[in-house]
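# Okay, predicted coordinates and the sequence, questions at the end:
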Amino acid sequence: MLGVWGFMTSVANKTSTKRRLLLASDRSDQSSELASILRSVGQVDTIARPFDAQGILQRIRAAFPDSDGYDETDRGKVLNRGVEAAHAVMVKIFEKLPAGVPLKFSDIVEAENKILKAIKHSSLREWLTTVGCHHAGSYRHCLFVTGFAVAYAQHLGMRDDDQRRLARAALLHDVGKAFIPVDILDKPGPLTLEEMEEMRQHPRRGYDALAAQGGFPPEMLDVVLHHHEFLDGTGYPNGLNGKQISDIVRLTTIVDIYAALVEKRAYRLQFTHARALGMMEEMGDKLDQHLLHAFRPVAFGYY
Ligand SMILES: [Fe+2]
Ligand SMILES: [Fe+2]
């Protein structure tokens, strides 16, 4: 016997711990007796001489796929559940709310678990690819913002509770667009001044609707009303500045603008990630540049 080399990994999930064993051995060792011993200890593959580095790497990768406890099938399911939950919130915001069906805070909270899990166990890239296929621009935008917000929160290592707060803020931030005519929202070209003025009413209309409904925490109302404010006082609707703008609003503003820039719009191509970040850096004092800097790895790495 010339030699047998083994690689073993353990994959744990909620219900069990699986062990995978890959052996590299000499062709001469492949006796039926050895083969049956190896199978009995959980062998999943055997590499025989002559060894080839690339071939060994491929076989190891195939035997030990990256996993945090979810196999590929689970990943797809978890992603789909998250996207479905987020989509259900969008339907409540953009279809039911304008038709007079009240939106409840619990509608948002119900969805957030599945969304957080989806992005944690798949990836931001997969989330964006899936929601990017949505035909309605406003849905697509809010789902993009939610994806970036959750990935950002996870990247910053926020506590679970804070991750949820940011996910809720992202889902809700443009609720006021439910009261803006679809002709303006989905116009396949730049808006006229009047249309722009109408569009700029959405933070106030969203705030008024949620405040009248009741049951929404003050910070959610803050995000809905102020996510277009700038730190230098040039934003709308209230021209707030500096310390008047809360952290959760600052974070939401960053992911909101970034998402808008990298989304496809009917009247322009999307900007690249580098260009979008560059444009936001050029906005200088309008945005919290420290928070923008912390967002860079999410933007570039599709965290
Ligand atoms: Fe907005
Ligand atoms: Fe937005």
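Nice, thanks for sending it over. Ligands and ions are numbered 1, 2, ... in the order given.
# How about the residue of the stretch 201-303 of the chain found nearest ligand 2, nearest residue that isn't a chain neighbour?
Nearest to ligand 2 in the stretch 201-303 of the chain, going by Cβ to the ion, is residue 256, at a distance of 4.2 Å. C-beta: built from backbone N, CA, C; applies to glycine. With sequence-adjacent residues excluded and distances taken as Cβ to Cβ, 6 or more residues apart in numbering, residue 256 is closest to residue 145, at 5.3 Å.
# I'd like the mean pLDDT over whatever helix or strand that neighbour lives in, please.
Secondary structure assignment for residue 145, by DSSP states H and E: helix 137-155. Helix 137-155 carries an average pLDDT of 92.
# Give the other helices and strands that that helix contacts.
Applying 3 or more Cβ pairs under 8 Å, 6 or more residues apart in numbering; DSSP states H and E, we find helix 137-155 packed against helix 72-91, helix 105-121, helix 124-131, helix 160-172, helix 247-262, helix 289-301.
# Mean pLDDT added to the ones you listed, as a markdown table?
Below are the helices and strands packed on helix 137-155 laid out as a markdown table (pLDDT from 0 to 100):
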| stretch | mean pLDDT |
| --- | --- |
| helix 72-91 | 85 |
| helix 105-121 | 90 |
| helix 124-131 | 85 |
| helix 160-172 | 94 |
| helix 247-262 | 96 |
| helix 289-301 | 91 |
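# Save these as CSV, and put in mean neighbour count and distance to residue 214 too.
Output for these, formatted as CSV (neighbours: other Cβ atoms under 10 Å; distance: least, Cβ to Cβ, whole Å):
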stretch, mean neighbour count, distance to residue 214
helix 72-91, 17, 18
helix 105-121, 19, 9
helix 124-131, 19, 30
helix 160-172, 21, 15
helix 247-262, 22, 20
helix 289-301, 16, 31
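# Please identify the one among these that comes closest to residue 197.
helix 247-262 (18.5 Å; Cβ to Cβ).
# How far does the following helix or strand past the closest one sit from its chain's centre?
Using DSSP H and E, the next helix or strand after helix 247-262 towards the C-terminus is helix 273-282. Distance of helix 273-282 from the chain centroid (Cα atoms, centre = their mean, to the nearest Å) equals 19 Å.
# cool, and stretch 234-254?
On the basis of Cα atoms, centre = their mean, stretch 234-254 sits 22 Å off its chain's mean C-alpha point.
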